[in-house]
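Undergrad: below: sequence and its predicted model.
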There are 2 protein chains.
Amino acid sequence: MSMPTTPPSGFRDFLPHTQAVRTKAVETVSRVYRSFGFNEIGTTCVEELKVLTGKAGTENEKLIFKILKRGEKLDLAQGTQELADLGLRFELTLSLARYYVRHESVLPHPFKVFNMGPVWRAERAQKGRYREFWQCDADVIGSDHWGCEVDVISAMTEAFLALGMGCPTVLLNDRTLISALLDSAGVPAEKRTEAMILLDKLDKLPEDKVLADLSALVGPEAAKTVKERVVSGGSDPESFKDLAPEAVARLSRILGMLRSSFGEADKFKLAPSLMRGLDYYTGPVFEFKFPGMAGSVGGGGRYDGLVGKFSGRPVPACGGSIGLERVMLILEERGEAAASGPDACVTVFAEELRERSLQAAAALRKAGLSADVYPGSRPLRDQFKYADHRKASFVLIIGPDEAAAGKVKVKDLKTGEERLEDAGNAAASVKSRLGPSAGT
Amino acid sequence: MSMPTTPPSGFRDFLPHTQAVRTKAVETVSRVYRSFGFNEIGTTCVEELKVLTGKAGTENEKLIFKILKRGEKLDLAQGTQELADLGLRFELTLSLARYYVRHESVLPHPFKVFNMGPVWRAERAQKGRYREFWQCDADVIGSDHWGCEVDVISAMTEAFLALGMGCPTVLLNDRTLISALLDSAGVPAEKRTEAMILLDKLDKLPEDKVLADLSALVGPEAAKTVKERVVSGGSDPESFKDLAPEAVARLSRILGMLRSSFGEADKFKLAPSLMRGLDYYTGPVFEFKFPGMAGSVGGGGRYDGLVGKFSGRPVPACGGSIGLERVMLILEERGEAAASGPDACVTVFAEELRERSLQAAAALRKAGLSADVYPGSRPLRDQFKYADHRKASFVLIIGPDEAAAGKVKVKDLKTGEERLEDAGNAAASVKSRLGPSAGT
């Protein structure tokens, strides 16, 4: 049996330059969420299978990576369908709902919370779809006020801006608005969810195909009414006022506040066919789009029923999730590169001079810079090659002459310029030559 | 079936104040590793089972959480012992070895690398032992020079210092030294590993018990020799020079360099009975200890054989791992708390004034501060309670009078002092009252 060097299908390793961008992106989103007053929490990657498949279930249940029972429990389960007891989380919201109910008594109310980390789905592996991917969630639990939606959408929008991606287009809708429309078109209650799932496909499948399916489900008359209002009806919330006055008023307030906050009126708009895939949403739903990218880079909505599955009494909540992998696609396309090289590589001229090199590096670090001492003992030429590969800004050399004179030779790898500095002054010199942003 | 609100046994949620300390600790260790020139990478949480159980196997294999096959493959596997195809990683080093061989051609040589994240072990849950825990690893791959050990141990020691934990005691040993000692005592080669595992227990079990077991394994004569050298022999590497001159020379160089780098001679010492649990170590091993804590807070060693299991040719490597959970025990015992409250809570006096509050919050954020606008619409009294619970430093109030006059009332929650500021000046005022470290 040979040892594979690739990760399992659908899983990915990250090279240093990519990981640097990922870490920076996660830190940026964290910083913005925190600046809006969201509390970071941590939830477990592994959940009881009955939590994942329980009453709160969504269409993602099918995609759970299940964990085999262990020891005696596995022996007893052999031959049954109960081989697994745990599973990898497929999203963060379900764990958050569980967490909130467990810790409610010690949490602020309402609870503004963020949570980031990997989630796993056993999807068929294909380009751009991964089995392990990161989500960056922000939620407000315990309030049904439309200010929560404004808060969550604002924090997410600001996160995209802070990532340098520009202002996203934010599509909004309300589940109750579509329910009312289907109702008024004569679609029976039991066909409503199915009709919504069909309408949700309007941005993925040809309109004719969706409408034909809708017609088959609810009859041509009802389908025609729905089509006129949803597809051709435009994006003015007021045009739906007769059907769902409350939902329209709420959507208008959310849209108005976002438009005035960001000063970008046409970036925030009603999309009457937007449903979002998960079936736990109960009110407003929203999605973030960027030009040139099919699908969304994030989304969310109000889920007033989910927390109650754990607590046994209704707890209003709303939240959204930024998909880190979609963000990375955009950042990488733009050639985003977090500076991943050290400020300086410090060569080791000879074994008896290694200590001098370590001292020079320690001085750089004390000044807030990064310094990579060559860990082996290769010729200076190889150590310069290493510094090039590392994309270091400077190389420091301490040969016998420099050591005897208490000096350090500092070479700028970009310009090739070499300067002989007093050992005590080398760190300050490198820092000043790196410019004002160095060492922060 | 009720929905459990606790995570599975051995798994943990983290409340906001704990998560804030965790995140800060991870960022601190990352920053220090980066400052030493280590490259951050990302590896998958899930590996092929044959990688985890393969030739590189260690005693941790038994503890793998295995992931059930899916779909047809599961149907075919029913009733067999081959129910799982994937597993959760139980450490980061094995994934790193796989990663290195896969990406070697584009990586710097030697490769200084760090990797952090959760790992999973299906241990019996008990106090202080978790099934999901974080490791913070730093490694140097591709060099057999003792400078690698100095680099890894220095970066880890500096990380503990940056965490505010003080300088750890670093115990060092060398596997080849103990091999030579067992050899010279007449212990046959096939009993060597077992003898090492026994000796490794000297810091956990009573000395008498360990020596009795050793005596039973290798005979009383050999056990006596080993005991004299290991247990009573002191911690001067030179006393082992006759047995393994090369290992002693290497250890002496590493110890000397660390002592002079950190100026703490008695913090770095030889511990002849130190083995480290994993059986892939081939040379120097080391462990980090803090007063009052049994067991280690981190450790590592040289593993010149592991990478070769993937590459088919020998690749020298050494590395170490900081256990985040042990670090957290120490930080929490000390009452470490990362400031987790926002700089300001901004109240919403009335719905028609919400936009003013949002504007005031946006101005604070632009100044680099965090501002939490109350997302609901409760009486001001409740909003103040919320601000107290959030441990905010300031509360901002914009009532009708303030709004009409273009002012913002800023209350310091610690002193109770209220000031009326021009709306355009409130952010600067809060920032200056927070002191020089605010907004960084």
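TA: Received it, and whenever you're ready, just let me know what you need.
Undergrad: where do the strands of the stretch 251-400 of chain A begin and end?
TA: A:268-270, A:284-289, A:298-302, A:317-323, A:344-346, A:371-373, A:394-397 (DSSP state E, counting those that start in this stretch).
Undergrad: can I get these in a markdown table with mean pLDDT and mean neighbour count?
TA: Bear in mind the C-beta positions are built from the backbone N, C-alpha and C, glycine included. Putting those into a markdown table (pLDDT from 0 to 100; neighbours: other CB atoms under 10 Å in any protein chain shown) gives the following:
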| stretch | mean pLDDT | mean neighbour count |
| --- | --- | --- |
| strand A:268-270 | 94 | 21 |
| strand A:284-289 | 96 | 25 |
| strand A:298-302 | 97 | 26 |
| strand A:317-323 | 98 | 26 |
| strand A:344-346 | 97 | 30 |
| strand A:371-373 | 96 | 27 |
| strand A:394-397 | 97 | 25 |
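Undergrad: where does chain A dip in pLDDT?
TA: Chain A contains residues with pLDDT under 70 at A:1-2, A:55-60, A:232-234, A:278, A:338-340, A:437-440.
Undergrad: quickly list the domain ranges of chain A.
TA: According to automatic domain parsing, chain A is divided into the following domains: A:16-168+A:290-333, A:344-433.
Undergrad: got phi/psi on the closest residue in space to residue A:389 that isn't next to it in sequence?
TA: Spatial nearest neighbour of residue A:389, excluding adjacent residues (CB to CB, 6 or more residues apart in numbering or on different chains): residue B:108 at 4.4 Å. Note on residue B:108: backbone dihedrals following degrees, to the nearest 10 are phi -70, psi 160.
Undergrad: ok, residue B:108 to residue A:15 distance?
TA: Residue B:108 sits at a distance of 11 Å from residue A:15 (criterion: CB to CB, to the nearest Å).
Undergrad: name the residue in the two with the higher neighbour count.
TA: residue B:108 (21 against 15; other CB atoms under 10 Å in any protein chain shown).
Undergrad: contact partners for that one?
TA: A:386, A:389-390, B:39 (CB atoms under 8 Å, 6 or more residues apart in numbering or on different chains).
Undergrad: same question, residue A:5
TA: B:98-99, B:101-102, B:310.
Undergrad: count of residues packed around the residue nearest to it when sequence neighbours are not counted?
TA: Leaving aside its sequence neighbours, residue A:5 sits nearest to residue B:102 (CB to CB, 6+ apart; 4.0 Å). A total of 17 residues lie near residue B:102 under the criterion other CB under 10 Å.
Undergrad: do residue A:152 as well
TA: Residue A:152 has 29 neighbours, counted by other CB under 10 Å.
Undergrad: repeat for residue A:84
TA: If you count neighbours by other CB under 10 Å, residue A:84 ends up with 20.
Undergrad: go ahead and confirm it touches residue A:49.
TA: Yes - counting by CB atoms under 8 Å, residue A:84 touches residue A:49, with 5.8 Å between them.
Undergrad: quick check: neighbours shared by these two?
TA: A:66-67.
Undergrad: what does the stretch 251-400 of chain A put close to chain B?
TA: Contact residues (CB under 8 Å from any CB of the partner chain) of the stretch 251-400 of chain A with chain B: A:257, A:260-261, A:309-310, A:340, A:342, A:345, A:348, A:354-355, A:358-359, A:361-362, A:365, A:369-377, A:386, A:389-390.
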